[in-house]
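Undergrad: Sequence first, then the predicted structure, then my questions.
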Amino acid sequence: MKNPLYSSKNNCAGCRACMEVCPKSCISMVEDKEGFVYPHIAEDKCVDCHLCEKTCPIKAPHGNFIIKSYVGVHTQEQVFKSASGGAFWALCELLIPMGYAVVGVKFTSDFQVVHDIAFSLQEAEQFRKSKYVMANTNGIFKRVKKLIRNGHKVMFTGTPCEVAACKKVIGDSPNLLLIDLVCHGAPNQGIFDKEIEFLQTKYNGKCSFFEFKNKQPLSGNINSRSVRYVVNGKEYISTIGKDPFLKGYYSRLFNRPSCMECQFANPKRVGDITLADAWHVDEIYSDLDELSGVSLLLFNTEKGLSFLPYLIKKLHLREVPVKWAVSSNEQLQHPTVSHKNRSLFFECVNQGGGNCACSG
């Protein structure tokens, strides 16, 4: 290769798009000492086509400015089952009966976080709730491209870098609806694996269920910054003050290096629609409770906006000023700021310290 795929680790999101488009399959993803994956090129097989560079979503970021913004909530039942106000589920309810396949992120049986495709609402259930882990894209771009080529319609949901990668691989198709999420950064799978190990050691059993953005009341109140899990058949709820992974995640202790220089953390959005939590919504609508779950929906293209009349039938939507939507969400203004002890944390992990630095 005449030019490297990335000049520093801050310039690689680990989306795997370069690996998927390589015509000679000479790119593999290799973990660094922190557990994040980066592309490695087998130079003896490379034909110098530069397709990998042309596909990289970070090398030439693009996007559209927000046209309209809304806050919304689904029914009480669906909000309870959702990470926020149920906007993602409303899109599933709308689009799957229209023949769309839905791409989302799920836990496997051993809590690996991967992208997959759902063709029914039942299958899409596994995509509900947040997964605060960088997903393995799992060959998803090739799979979506094949569906589009065969005439299927697809709603692709992911972080902005994943959505941008999808658009680079597939192009601008009328059958592809892109939904990006306002992202606060992502830890790697290995760090989350340590969380599961920690819980199984703490309770001396096997973890069979784990859920971020728990909405089961704790001490009479809903605290969405809590997790719910089941070990040996017994359910537990843990808050940010007690769970090491949550504490580390919300303090931005172990995000990927590129997250700290994210080129997508701004009002110019890569998706047709952007979904987020509607933080501080009580400033505009005092009857809405952000902790129970209220979605923020940003419509960024005419394609995205064309679904608004249908979403109004699924969600209780209220328009909000775009300026307010941006000002109320830091990751629509600038990238996540890393924890001052990030390097120390990974040094500790590499020395076998596990979760030791999460409480620091």
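TA: Sure, I can see it. Residues are numbered from 1 along each chain as shown.
Undergrad: now the residue nearest to the spatial centre of the chain: how far from Met19?
TA: Within the chain, one residue has its C-alpha closest to the average C-alpha position: by C-alpha atoms, centre = their mean, that is Thr159, at 4.2 Å. Going from Thr159 to Met19 by C-beta to C-beta, to the nearest Å gives 17 Å. For the C-beta atoms, the positions are set from N, CA and C on the backbone; glycine is no exception.
Undergrad: cool, Phe245 as well?
TA: If you go by C-beta to C-beta, the gap between Phe245 and Met19 works out to 28 Å.
Undergrad: same check, this time on Lys206
TA: 33 Å.
Undergrad: More neighbours: which of these two?
TA: Regarding Lys206 and Met19, a neighbour count based on other C-beta atoms under 10 Å identifies Met19 as having more, with 22 against 12.
Undergrad: doesn't His280 make contact with Ser328?
TA: Yes. Applying C-beta atoms under 8 Å as the test, Ser328 and His280 come out as touching, 4.5 Å apart.
Undergrad: Look at the nearest residue to the residue nearest to the centre of the chain once chain neighbours are set aside and tell me its secondary structure.
TA: By the measure of C-beta to C-beta, 6 or more residues apart in numbering, the closest residue to Thr159 outside its immediate chain neighbours is Cys183, 4.4 Å from it. Assigned with DSSP: H, G, I helix; E, B strand; the rest coil, Cys183 falls in the coil class.
Undergrad: List the residues that contact Cys183.
TA: Cys183 makes contact with 159-161, 259, 262, 264-265, 331, according to C-beta atoms under 8 Å, 6 or more residues apart in numbering.
Undergrad: For those, work out which two are farthest apart.
TA: Between all members of the contacts of Cys183, the longest pairwise span (C-beta to C-beta) is found for Cys161 and Gln331 and amounts to 12.7 Å.
Undergrad: what about those two, which has more around it?
TA: Between Cys161 and Gln331, counted using other C-beta under 10 Å, Cys161 has the larger neighbour count: 28 against 19.
Undergrad: so that one makes contact with Cys259?
TA: No. With contacts defined as C-beta under 8 Å, Cys161 does not count as touching Cys259, sitting 9.0 Å away.
Undergrad: what about Ser120, neighbour count?
TA: Quick note: Ser120 (other C-beta under 10 Å) scores 12 neighbours.
Undergrad: In space, what's closest to it - neighbours in sequence excluded?
TA: Closest residue to Ser120 in three dimensions, ignoring its sequence neighbours and counting by C-beta to C-beta, 6+ apart: Ile96, at 6.5 Å.
Undergrad: burial of that neighbour, as a residue count?
TA: Number of residues near Ile96 (other C-beta under 10 Å) recorded here: 19.
Undergrad: for Gly190, same thing?
TA: Gly190 - counted by other C-beta under 10 Å - has 14 other residues nearby.
Undergrad: Sticking with it, tell me its helix or strand.
TA: Using DSSP states H and E, the secondary-structure element containing Gly190 is helix 189-202.
Undergrad: what's the answer for Lys247, then?
TA: Per DSSP H and E: Lys247 is located in helix 244-250.
Undergrad: Neighbouring strands - and their directions - for the very next helix or strand once past that helix?
TA: Sequence-wise, the next helix or strand beyond helix 244-250 is strand 268-269, with elements assigned using DSSP H and E. For strand 268-269, the pairing partners within the sheet under DSSP bridges are strand 64-65 (antiparallel).
Undergrad: what's in contact with the top strand by length along the chain?
TA: Once the chain is assigned using DSSP state E, the strand that runs over the most residues is strand 100-107. Strand 100-107 is contacted from outside by 88, 91-92, 95-96, 113-119, 124, 126-127, 131, 135, 140, 144, 147, 152-158, 177, 210, using C-beta under 8 Å, 6+ apart.
Undergrad: which of those count as buried?
TA: For the contacts of strand 100-107, burial is judged from neighbour counts taken by 16 or more other C-beta atoms under 10 Å, and it is met by 88, 91-92, 95-96, 113-118, 124, 127, 131, 135, 140, 144, 147, 152-158, 177, 210.
Undergrad: Point out the ones among those residues that are inside helices.
TA: Counting by DSSP state H, those place 88, 91-92, 95, 124, 140, 144, 147 in helices.
Undergrad: can you redo these as TSV with pLDDT and distance to Ala13?
TA: Below are those laid out as TSV (pLDDT from 0 to 100; distance: C-beta to C-beta, whole Å):
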residue	pLDDT	distance to Ala13
Phe88	98	22
Leu91	98	24
Cys92	98	26
Leu95	98	26
Ala124	98	25
Ile140	98	14
Val144	98	18
Leu147	98	23
